[in-house]
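Q: From the sequence below, what's the structure:
(one chain, ligands or ions: 2)
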Amino acid sequence: MKIEEVKSTTKTQRIAVHSHIKGLGLNEEGYALSSAQGLVGQELAREAAGIVIELIKSKKMAGRAVLLAGPPGTGKTAIALAIAQELGSKVPFCPMVGSEVYSSEIKKTEVLMENFRRAIGLRIKETKEVYEGEVTELTPVETENPMGGYGKTVSHVVIGLKTAKGTKQLKLDPSIYESLQKEKVETGDVIYIEANSGAVKRQGRSDTYATEFDLEAEEYVPLPKGDVHKKKEVIQDVTLHDLDIANARPQGGQDIMSMMGQLMKPKKTEITDKLRKEINKVVNKYIDQGIAELVPGVLFIDEVHMLDIECFTYLHRALESTIAPIVIFATNRGKCVIKGTEDIVAPHGMPLDLLDRIMIIKTLPYSKDEMIQILKIRAQTEGNSIGEESLGELGTIGVKSTLRYANQLLTPASILAKINGKDSIGKDEVDEINELFYDAKSSAKILAEQEDKYMK
Ligand SMILES: Nc1ncnc2c1ncn2[C@@H]1O[C@H](COP(=O)(O)OP(=O)(O)OP(=O)(O)O)[C@@H](O)[C@H]1O
Ligand SMILES: [Mg+2]
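A: Ligands and ions are numbered 1, 2, ... in the order given. Predicted coordinates:
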């Protein structure tokens, strides 16, 4: 089997307003500290999330689902992102918003399926026979073109590789010269060449050259230990979606899992169900052989009430399949009509049979003190300085409206403070901005009062 670099296709996350969150802030026993890693209060929900993480790590959660439910601005999205941070980069975490499924080009279930596969990881371990070392010499040897004509061709390449233990000179096939050129290998780089496939991987520049430039984008790696010719364990983390994409693209080059490539016919341009089935087959075979290990990750569907009955039915079925991630939902809806149905009212706008298999974590409204603490952290993260008194005022506003509304006042208030020539947000600015803008509740109230003045 040959596994080349499969490009990762992770999505960038919606985290700008959550950039202060670094984790769940639990102690070693799993209890929530009142304020840690950017999270404040909401202790029970955080502890519950901690248990979910334990379950995920011990791989007891695949195919299960969790719902974060609570009023707007109570930290549901924040906690989900904290879970992602706690899981680390090796466990896939795929965030999406319910409304993402609505597109005129792609079927709803297709979007869900893609995200499902983004949330399932595969860790592939392989022992490979390689030649590894720092390149000391790289000489293509040319001969007359044996086919006649004028040009010369490369007949072979001589390459010198150095490790801490010794050096070795190799005579290589001209096809490997092409791979060397593709990877832009120069003398002084640390590379390895796979013995049976001839694939070349450039690992970085040898750190003896670390002071070459003043500013550099290079990665410097130490001189490899051991012999030049050796067995090396190569570990690669990919998601099923990465594999789908890599094999759906027209083939060529070495940026694909070539073993997979052999199974699939070339020139595929879209991911079909058939392709996925074939990939699953190969993946299952790898798992049986002990070459690969399944890493069920997390699919986070925020604002899940945006999904309709068709999506829910599909999700329910997908959760039953053998290869499934852990799904975390979040919603701020109470009882409401399930989208796509005439009048089926259900808690959180989710079908009862799906709800029935879900563990629900509740988030509760914050106290004024907690709001103030959170607002303080946000102000720091955004680089706005704000006094205690104005924070208190914002906290009061937060209790009356929502935390998010109070949060959103921070930036305009800081701009106003600048205009007023102050270097920190005062109570005046907070009050002025609060008068200029409305939160959802007061806007709704005004609408109700002045109903007759608006167009219907
Ligand atoms: N316990 C907390 N500690 C620190 N920051 C928090 C906490 N809870 C919420 N926040 C921050 O407050 C803001 C609003 O919270 P968040 O977006 O998570 O609410 P939500 O419950 O997802 O609301 P909605 O239902 O409207 O989606 C975010 O910037 C979030 O990072
Ligand atoms: Mg949210």
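Q: use CA for all of it now, contacts and neighbours both
A: Fine.
Q: where exactly do the strands run in the stretch 301-450 of the chain?
A: Secondary structure of the stretch 301-450 of the chain (DSSP state E, counting those that start in this stretch): strands located at 326-331, 335-337, 345-347, 358-362.
Q: who wins for proximity to Thr411 among those?
A: Across the strands of the stretch 301-450 of the chain, Thr411 has its closest neighbour in strand 326-331 (26.4 Å, CA to CA).
Q: before we move on, the earlier item: quick one: closest of the strands of the stretch 301-450 of the chain to ligand 1.
A: Across the strands of the stretch 301-450 of the chain, ligand 1 has its closest neighbour in strand 326-331 (5.8 Å, CA to the nearest ligand atom).
Q: Can I get the strands of the stretch 301-450 of the chain in TSV including distance to ligand 1, mean pLDDT and mean neighbour count?
A: Output for the strands of the stretch 301-450 of the chain, formatted as TSV (distance: least, CA to the nearest ligand atom, whole Å; pLDDT from 0 to 100; neighbours: other CA atoms under 10 Å):
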stretch	distance to ligand 1	mean pLDDT	mean neighbour count
strand 326-331	6	93	24
strand 335-337	14	91	15
strand 345-347	15	92	15
strand 358-362	10	93	17
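Q: looking at those, which is closest to Glu29?
A: Nearest to Glu29 among these is strand 358-362; the distance by CA to CA comes to 19.4 Å.
Q: got the angle between that closest one and strand 326-331?
A: Strand 358-362 and strand 326-331 are oriented at 50 degrees to each other (axes from the mean of the first three to the mean of the last three CA atoms, to 10 degrees).
Q: partners of strand 358-362, with directions?
A: strand 65-69 (parallel) (DSSP bridges).
Q: mind listing what the closest residue to Lys368 other than its chain neighbours touches?
A: Closest residue to Lys368 apart from its sequence neighbours, by CA to CA, 6 or more residues apart in numbering: Gly395 at 5.5 Å. When contacts are counted by CA atoms under 8 Å, 6 or more residues apart in numbering, Gly395 touches Lys368, Asp369, Met371, Ile372, Leu375, Ala406.
Q: For the last one, report the pLDDT, please.
A: Right, the one you point to is Ala406. As predicted, Ala406 sits at a pLDDT of 91.
Q: any idea how far Val221 is from the residue nearest to it when sequence neighbours are not counted?
A: Nearest-residue entry for Ala406: Gly398, 5.0 Å, with adjacent residues in sequence omitted and distances by CA to CA, 6+ apart. Separation of Gly398 from Val221 (CA to CA, to the nearest Å): 50 Å.
Q: Of those two, which one has the most company?
A: Gly398 (24 against 17; other CA atoms under 10 Å).
Q: neighbours around Ile419, how many?
A: Neighbours of Ile419 (other CA under 10 Å): 10.
Q: Distance of it relative to ligand 1?
A: Ile419 is 25 Å from ligand 1, where distance means CA to the nearest ligand atom, to the nearest Å.
Q: got the contact list for that residue?
A: No contacts exist for Ile419 under CA under 8 Å, 6+ apart.
Q: All further residue positions should be reported with the first residue as 46.
A: Yep, numbering from 46; the last one is Ile464 now.
Q: Okay, it and Ala337: tell me how far apart.
A: 59 Å.
Q: what's the burial count for the residue lying closest to Val175 once chain neighbours are set aside?
A: Take Val175 and drop its neighbours on the chain: the residue closest to it by CA to CA, 6+ apart is Glu239, 4.5 Å away. When neighbours are defined as other CA under 10 Å, Glu239 has 18 of them.
Q: ok so, going back, cross the contacts of Gly440 against helices and list the overlap.
A: Lys413, Asp414, Met416, Ile417, Leu420, Ala451 (DSSP state H).
Q: hang on, the last one packs against Leu439?
A: Yes - under the contact definition of CA atoms under 8 Å, Ala451 touches Leu439, with a separation of 5.9 Å.
Q: shared neighbours of these two, which are they?
A: Leu420.
Q: Quickly list what Leu215 is bridged to.
A: Assigned bridge partners for Leu215, using DSSP bridges, are Ile204.
Q: ok, it - contacts?
A: Neighbours of Leu215 in contact, by CA under 8 Å, 6+ apart: Val202, Val203, Ile204, Gly205, Leu206.
Q: If you count neighbours, what's buried in stretch 255-271?
A: In terms of neighbour count (16 or more other CA atoms under 10 Å), stretch 255-271 has its buried residues at Tyr265, Val266, Pro267, Leu268, Pro269.
Q: low-scoring stretches of this structure, by residue?
A: Along the chain, the parts satisfying pLDDT under 70 run over 46-60, 190-195, 259-261, 294-314.
Q: Can you name the residues of it that neighbour ligand 1?
A: Residues of the chain lying near ligand 1 by CA under 6 Å from any ligand atom: 62-63, 83-87, 116-123, 376-377, 419, 448-449.
Q: So how do I select the buried members of those residues in PyMOL?
A: Typed into PyMOL, the line below selects the buried ones among the residues of the chain next to ligand 1, using 16+ other CA under 10 Å:
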select buried, resi 63+83+84+85+86+87+116+117+118+119+120+121+122+123+376+377+419+448+449
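Q: List the ones among the residues of the chain next to ligand 1 that fall in helices.
A: Lys121, Thr122, Ala123, Ile419, Leu448, Arg449.
Q: Next up, the contacts around the last one.
A: Counting by CA under 8 Å, 6+ apart, Arg449 touches Pro117, Gly118, Gly443.
Q: Recalculate using a threshold of 7 Å.
A: Neighbour list for Arg449: Gly118 [criterion: CA atoms under 7 Å, 6 or more residues apart in numbering].
Q: bridging residues for the residue of the stretch 196-345 of the chain found nearest ligand 1?
A: Using CA to the nearest ligand atom, the closest approach of the stretch 196-345 of the chain to ligand 1 is made by Phe345 at 11.9 Å. Following DSSP bridges, Phe345 is listed with bridge partners Pro140, Ile373.
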